[in-house]
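Q: A structural model of the following input is requested.
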Amino acid sequence: MIIQSLTFRLLCIIFLYYLNINILTEVILLLLFDMIDCGLVLRILYGKEYLCKTYYYQLGDKLLDLFTYYLIYKILDLDYIYLYIILYRLLGIIFYTLSNNKIYFIIFADFFKEVLLYNFIFNKLNYNVIIIIILKIIFEYYWHFIKYQNNYK
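A: Next comes the predicted model:
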């Protein structure tokens with residue numbers, strides 16, 4: 001399952017890298033690919049979307065996110081703030097792994113793509129990006145504590 005997700009992500013990155021489109025479109029496509037990673041790919045391959053709700057899928061998915069982000073960071077030669085965002089998220093994944101408590105998905109929310117998108121739309125990072133981060137934390141809370149109320153097993 002993780003191998004299929006990794007393959008899917010690598011193919012998406014290669015596809016976006018060689019596609020001759022502007023960076024904003026690439027970031028939007030990256031957001032879309034990340035959204036269909038679990039539901040669509042696992043439903044097609046296995047017919048079992050519930051696999052997305054397991055501890056091992058969640059852990060693997062979060063690690064694949066970081067791998068993808070690091071590749072993007074290197075390929076696009078991004079500012080160091082993005083590396084700090086990646087490391088910040090890594091802390092949350094480590095705490096989640098040690099405790100199996102998804103509160104760490106909220107405290108160490110994944111906002112790499114959102115900050116990247118904001119940066120490319122407005123061509124700079126400023127204090128307004130905090131609004132994006134707050135909205136992402138609210139979404140993560142909804143996703144992990146309201147939509148999927150149980151801890152991943």
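Q: Please report the distance of Val27 from Leu125.
A: Distance, Val27 to Leu125, using CB to CB, to the nearest Å: 14 Å. All C-beta atoms are positioned from the backbone trio N, CA, C, and that covers glycine.
Q: Oh, that last question was meant for Ile36, not what I typed.
A: Ile36 is 28 Å from Leu125, by CB to CB.
Q: Excluding chain neighbours, give the residue nearest to the residue most central in space within the chain in space.
A: Geometric centre of the chain, nearest residue: Asp65, 4.6 Å, by CA atoms, centre = their mean. Nearest residue to Asp65, sequence neighbours excluded (CB to CB, 6 or more residues apart in numbering): Asp110, at 6.2 Å.
Q: Can you check what pLDDT the model gives that neighbour?
A: If you check Asp110, the pLDDT there is 92.
Q: With Lys124 instead?
A: 83.
Q: I'd like to know how many residues surround it.
A: Here the number of neighbours of Lys124 (other CB atoms under 10 Å) works out to 10.
Q: thinking again about what came up before, residue contacts, the residue nearest to Asp65?
A: Lys62, Asp65, Arg89, Lys136, Glu140 (CB atoms under 8 Å, 6 or more residues apart in numbering).
Q: The fourth one reaches Ile106, doesn't it?
A: No - taking CB atoms under 8 Å as the contact criterion, Lys136 and Ile106 are not neighbours in contact, 9.9 Å apart.
Q: related to what we said a few turns ago, look at the residue nearest to Asp65 and give its secondary structure.
A: Here Asp110 is recorded as coil under DSSP: H, G, I helix; E, B strand; the rest coil.
Q: Next one: it relative to Ile94, how far apart?
A: Using CB to CB, one gets 14 Å for the distance from Asp110 to Ile94.
Q: For Val27 and Leu125, work out which one has more neighbours and name it.
A: Val27 (21 against 14).
Q: so what's the more buried one up against?
A: With contact taken as CB under 8 Å, 6+ apart, Val27 is in contact with Lys113, Leu116, Leu117, Phe120.
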